[in-house]
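A.B. asks: Pasting the sequence and the predicted coordinates here, then a few questions.
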Amino acid sequence: MVRTQQAGRAWRAPVSHYVLAAVFGVIATAFLSTISGLTNPGSFREVFAITALCAAYPAFALGVKMFVTGHTVTVDAHGEQSIEVRWMERAGAGAFLDVLVATTLGAAALLITGFEVQAVAALIGLAAFSVVDVGLRYLIIKRQAS
């Protein structure tokens, strides 16, 4: 259980921590945008702007995580014992076996047929298969439990 209030009063971080989070977000965004822009000197402004747009939210969120959440969120001491965590562990364990079998069968099929696949394509396909497999297993386990 995550607790965000205590005795009817909202928990607040000191203002300096919000300022630190904002400053961290600005500095991290500017740093990443500058590095990206310098790697593309012909279109520095465009690359800088696109990178800034993409990096701003994660940078500010990381700043809030680092400086603010320690004052505003209390982690449940028994959170790892929740039913959702157990469902995810079961889904992951089952998916691991599926991925192992699929990889073995795929490698055997490629060996027998002589068909060649680029490693990047095979790894992306394997990662996508893993994500879908875990997600479907989790949903099935969740549905069976209710």
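C.D. replies: Looks like it arrived, so ask away.

A.B. asks: what's the neighbour count on the residue nearest to G135 when sequence neighbours are not counted?
C.D. replies: Leaving aside its sequence neighbours, G135 sits nearest to A91 (C-beta to C-beta, 6 or more residues apart in numbering; 7.9 Å). From N, CA and C alone the C-beta is placed, and that goes for glycine too. Neighbourhood size, A91 [other C-beta atoms under 10 Å]: 20.

A.B. asks: And for G37?
C.D. replies: 19.

A.B. asks: for the one 3 residues further on, same thing?
C.D. replies: Applying other C-beta under 10 Å, we find 14 residues neighbouring N40.

A.B. asks: so what's it closest to, chain neighbours aside?
C.D. replies: V47 (4.4 Å).

A.B. asks: By residue count, what's the longest helix in this structure?
C.D. replies: Longest helix in the chain by number of residues (criterion: DSSP state H): helix 83-113.

A.B. asks: Run through the neighbouring helices and strands of that helix.
C.D. replies: helix 119-145 (3 or more C-beta pairs under 8 Å, 6 or more residues apart in numbering; DSSP states H and E).
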